[in-house]
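Q: Build me a model from this:
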Amino acid sequence: MSTADLILTNARVLTMDPDHPRAEAVAIAGDRILAVGSAAQIWTLAGPATKVIDAAGQTLLPGFFEGHVHVGLGGADLTHLHIGHLHGAEAVGKAFRSFAAANPGMPLLMAQEAHYGILDKPATRHDLDAMIADRPIAMMSPDLHTVWANTAALRAAGLLNGAEMPHGHEVVMGDDGLATGELREFEAFGPLIAHAGEGRINLGIATGEEPHPRPTGAERAADKALLLKGMMHCAAHGVTSLVNMDGNRYTLELLAEMRAEGNLPLRVKVPFHFKPHMGLDALDRASAMAAEFDDDWISSGFVKMFMDGVIDSRTAYLLQDYPDQPGHRSEPLFPPERFDEIATEIDRRGLQIAVHAIGDGAVRTVIDGYQAARAANGARDSRHRIEHIELIDPADVPRLGALGITASLQPPHAPGAMDFPLQPTLSRIGAERWGDAYLCRSLAEAGAHIAFSSDWPVADVSVLRGIAAALTRKPYDGAGDERLSLMQVLQAYTAGGAWAAHRDQVTGTLRRGLAADLVLLGGNIEATDPREIPALGVSLTICGGRIIHDIGMLA
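A: Below is the predicted model of the structure:
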């Protein structure tokens with residue numbers, strides 16, 4: 001057997017390998033795991049040049065697999081104002097004015113994490129004008145589906161007098177014939193993002209199209225800088241692989257350039273984003289992306305779609321009326337028959353499907369489409385996914401397991417579990433449906449494969465905070481306890497995410513021959529009160545044998 005380049009010993013190793021769940025040490029040679037075993041066994045692999053890290057009893061895991069993230073948007077988010085901890089116009093206005101003074105040349109002052117009730121009323125451009133009127137400013141909701149802009153921002157983006165939008169996207173208009181300031185869904189606020197200089201990195205989620213004209217070298221460098229900033233932020237939280245849930249060929253090209261430049265820290269999977277206006281021939285682009293980008297570091301091979309919006313703006317598609325707005329259920333972005341056709345064609349091409357579905361109507365439409373694809377093409381190891389599943393009809397719960405559908409869930413999203421407030425979400429759902437909301441244990445017990453993630457920058461990318469949220473969330477009145485055990489949660493953040501992304505033969509478990517992707521926590525997670533898990537911190541992150549985050553473990 002080869003000599004190890006790096007040994008991590010005296011650790012509490014949780015391998016996520018059911019055949020060998022625990023160990024004391026791991027040896028790495030090159031970019032692969034050389035061996036996993038006892039400290040004595042692994043020490044025999046040391047040579048004169050072997051580096052050794054004494055983990056001092058800390059927990060060592062496979063690198064976290066971030067199964068649903070928007071890394072370029074997250075990189076941009078890190079440069080914005082954050083107001084999730086604030087409430088009321090006075091506090092928000094003060095924060096905006098301080099941010100404006102510190103950023104005199106910024107074309108758009110964007111604030112993130114503006115909860116829907118942050119001003120105690122529906123926000124308008126006039127509310128924002130009262131904060132700052134002479135510069136474009138805007139607030140983004142935590143779910144990234146709504147923006148509120150002041151008059152200067154609307155004017156700069158060409159939206160003040162309204163604009164024609166695709167189905168499901170809206171520039172909300174007032175009685176005066178001008179935009180109110182509320183912009184719903186990505187294409188509505190896309191012009192605003194473009195004015196901020198972040199339009200290219202936003203295309204993957206907004207339109208799924210490629211930038212035109214072709215970006216200059218300077219523009220590509222700026223976009224790569226945002227991707228790198230986002231990835232290094234993820235690495236600091238122990239993430240070694242991620243599924244970037246917005247994408248186009250341009251994103252893949254940037255990642256390939258970064259790798260060629262020796263500047264790609266993480267493994268990244270990128271989809272083709274299929275939009276409602278596209279014809280089936282657009283899937284040729286998805287197939288081409290899958291064929292060209294398919295290795296251990298950069299891959300595609302799947303199609304992302306949106307079936308609905310979000311509950312707080314009442315754009316999530318429900319089977320029943322919203323209790324606080326009788327007669328309104330929203331609508332699916334893809335009619336059921338159309339989605340059946342698209343899902344069948346994607347599946348026929350051997351591609352995976354991942355669909356954002358928040359409301360129970362959207363979830364059922366997606367399940368029905370996957371069932372139609374299976375009926376037409378036969379069963380295969382597709383691992384089709386549903387992203388979020390914030391509300392599901394009880395009759396549909398067992399269908400995920402029966403059809404082999406992955407439930408891609410975000411523990412930080414459940415109101416009250418981490419940063420998201422209980423309201424207005426729970427009122428939008430209605431007390432009689434709280435037992436069907438944000439299910440996790442129920443889906444797992446019914447046989448669904450579970451993968452956990454953050455959806456950053458919708459929620460904090462900190463996996464340790466996500467683990468704590470999953471373990472400590474309280475049941476809603478009349479609802480069951482939807483928590484999983486610590487080992488189930490860790491599985492969902494590692495091997496579960498890798499399996500859901502068809503990357504389980506690359507990473508996700510600590511086994512000889514797999515990628516040397518590891519995270520060393522700052523203590524023993526099994527002996528830590530769940531509420532204190534975030535305080536453990538991440539001591540070391542290793543991806544492909546390279547240390548990409550270190551707080552001083554390797555002296």
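
Q: What's the per-residue pLDDT of the closest residue to Ala114 other than its chain neighbours here?
A: Spatial nearest neighbour of Ala114, chain neighbours left out: Met139 (3.6 Å); criterion: CB to CB, 6 or more residues apart in numbering. The C-beta positions use only the backbone N, C-alpha and C, and glycine is treated the same way. With respect to pLDDT, Met139 has a value of 98.

Q: For Phe186, see how far away Met139 is.
A: 16 Å (CB to CB, to the nearest Å).

Q: check contacts around the residue lying closest to Glu331 once chain neighbours are set aside.
A: Spatial nearest neighbour of Glu331, excluding adjacent residues (CB to CB, 6+ apart): Tyr317 at 6.1 Å. Shown in contact with Tyr317 (CB atoms under 8 Å, 6 or more residues apart in numbering): Met307, Asp308, Arg329, Ser330, Glu331, Pro332, Ile358, Gly359, Gly361, Ala362, Thr365.

Q: repeat for Trp456
A: Glu66, Val69, His70, Val71, Gly74, Asp77, Cys234.

Q: tell me the SS of it?
A: coil (DSSP: H, G, I helix; E, B strand; the rest coil).

Q: Tell me which residue of the chain is furthest from the middle?
A: Pro48 (42.4 Å; CA atoms, centre = their mean).

Q: rewinding a little: columns distance to Trp456 and neighbour count on top of the contacts of Trp456, output as TSV?
A: Compiled in TSV, these are given as follows (distance: CB to CB, whole Å; neighbours: other CB atoms under 10 Å):
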residue	distance to Trp456	neighbour count
Glu66	7	31
Val69	5	26
His70	7	25
Val71	8	31
Gly74	5	24
Asp77	8	24
Cys234	8	29
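
Q: Now intersect these with the helices, please.
A: Secondary structure from DSSP state H places Val71, Gly74, Asp77, Cys234 of those in helices.

Q: List the contacts of the third one.
A: Translated: Asp77. When contacts are counted by CB under 8 Å, 6+ apart, Asp77 touches Gln112, Trp456, Pro457.

Q: can you tell me how far the first one sits from Asp460?
A: When distances are taken as CB to CB, Gln112 and Asp460 turn out to be 11 Å apart.

Q: Check which residues of the helix or strand that contains Ala372 are buried.
A: Assigned by DSSP states H and E, Ala372 falls within helix 360-377. Neighbour-count burial for helix 360-377 flags 360-374, 377 (criterion: 16 or more other CB atoms under 10 Å).

Q: Then stretch 245-260?
A: Buried, per 16+ other CB under 10 Å, within stretch 245-260: 245-255, 257-258.

Q: And it, how far out from the chain middle?
A: Averaged C-alpha coordinates place stretch 245-260 at 17 Å from its chain's average position (CA atoms, centre = their mean, to the nearest Å).

Q: same thing with stretch 57-74?
A: With CA atoms, centre = their mean, you get 11 Å for stretch 57-74.

Q: and that stretch, average pLDDT?
A: 98.

Q: Repeat that for stretch 296-315.
A: For stretch 296-315, the per-residue pLDDT averages 97.

Q: Would you mind giving the contacts of Asp77 as JSON lines with pLDDT and distance to Ala288 added?
A: Compiled in JSON lines, these are given as follows (pLDDT from 0 to 100; distance: CB to CB, whole Å):
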{"residue": "Gln112", "pLDDT": "97", "distance to Ala288": "34"}
{"residue": "Trp456", "pLDDT": "97", "distance to Ala288": "28"}
{"residue": "Pro457", "pLDDT": "96", "distance to Ala288": "29"}
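
Q: tell me how far the ends of stretch 514-529 are from each other?
A: 31 Å (CA to CA, to the nearest Å).

Q: Quick one: list the elements packing against the helix holding Ala372.
A: When contacts are defined as 3 or more CB pairs under 8 Å, 6 or more residues apart in numbering; DSSP states H and E, helix 360-377 packs onto helix 336-348, strand 352-357, strand 385-388, helix 397-403.

Q: ok, residues contacting the strand or helix carrying Leu471?
A: Assessed by DSSP H and E, Leu471 sits inside helix 463-472. For helix 463-472, the surrounding residues in contact (CB under 8 Å, 6+ apart) are 64, 66, 237-239, 410-412, 414, 417-418, 440, 452-454, 459-460, 483-484, 486, 489-490, 492-493, 521, 525, 530-531, 533-534, 536-538.

Q: that older thread, please identify which of the buried residues of stretch 245-260 is nearest to His388.
A: Comparing those against His388 with CB to CB places Met245 closest, at 10.5 Å.

Q: and the nearest residue to that closest one once chain neighbours are set aside, how many neighbours does it have?
A: Excluding the flanking residues, the one nearest Met245 by CB to CB, 6+ apart is His68, at 5.0 Å. Per other CB atoms under 10 Å, the neighbour tally for His68 reads 27.

Q: What distance do you get for His68 to Gly279?
A: Taken as CB to CB, the span from His68 to Gly279 is 27 Å.

Q: cool, Val489 as well?
A: Val489 is 41 Å from Gly279, by CB to CB.

Q: Same check on Met307?
A: Met307 is 18 Å from Gly279, by CB to CB.

Q: what do you get for Gly190?
A: 21 Å.

Q: And the two? Which one has more around it.
A: Gly190 (23 against 7).

Q: looking at it, that one is touching Asn202, isn't it?
A: Yes: applying CB atoms under 8 Å as the test, Gly190 and Asn202 come out as touching, 6.5 Å apart.

Q: strands paired with the helix or strand harbouring the residue nearest to Ala114, and their directions?
A: Using DSSP H and E, Met139 maps to strand 137-140. Here strand 137-140 is paired, per DSSP bridges, with strand 109-112 (parallel), strand 146-149 (antiparallel).

Q: CA atoms only: put it into PDB for me.
A: Output of strand 137-140 as PDB, limited to C-alpha atoms (Å, rounded to 0.1, in the frame of the first residue of the first chain):
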ATOM      1  CA  ILE A 137     -32.100  51.100  -3.100                       C
ATOM      2  CA  ALA A 138     -33.900  47.800  -2.800                       C
ATOM      3  CA  MET A 139     -34.700  45.100  -0.400                       C
ATOM      4  CA  MET A 140     -34.700  41.400  -1.200                       C
END
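
Q: who touches that strand?
A: With CB under 8 Å, 6+ apart, strand 137-140 has contacts from 80, 83, 92, 96, 100, 108-114, 118, 123, 128, 131, 146-150, 152-153, 189, 192.

Q: For burial, what's the neighbour tally of Arg473?
A: Neighbour number of Arg473 under other CB under 10 Å is 20.

Q: Now name the helix or strand holding the closest residue to it other than its chain neighbours.
A: Excluding its sequence neighbours, the residue lying closest to Arg473 (CB to CB, 6+ apart) is Ala417, at 3.8 Å. Under DSSP H and E, no helix or strand contains Ala417.

Q: need the contact list for Ala417.
A: Ala417 touches Pro411, Tyr438, Ala469, Ala470, Thr472, Arg473, counting by CB under 8 Å, 6+ apart.

Q: Give the buried residues for stretch 12-31.
A: Buried positions in stretch 12-31, judged by neighbour count with 16+ other CB under 10 Å: 12-17, 23-29, 31.
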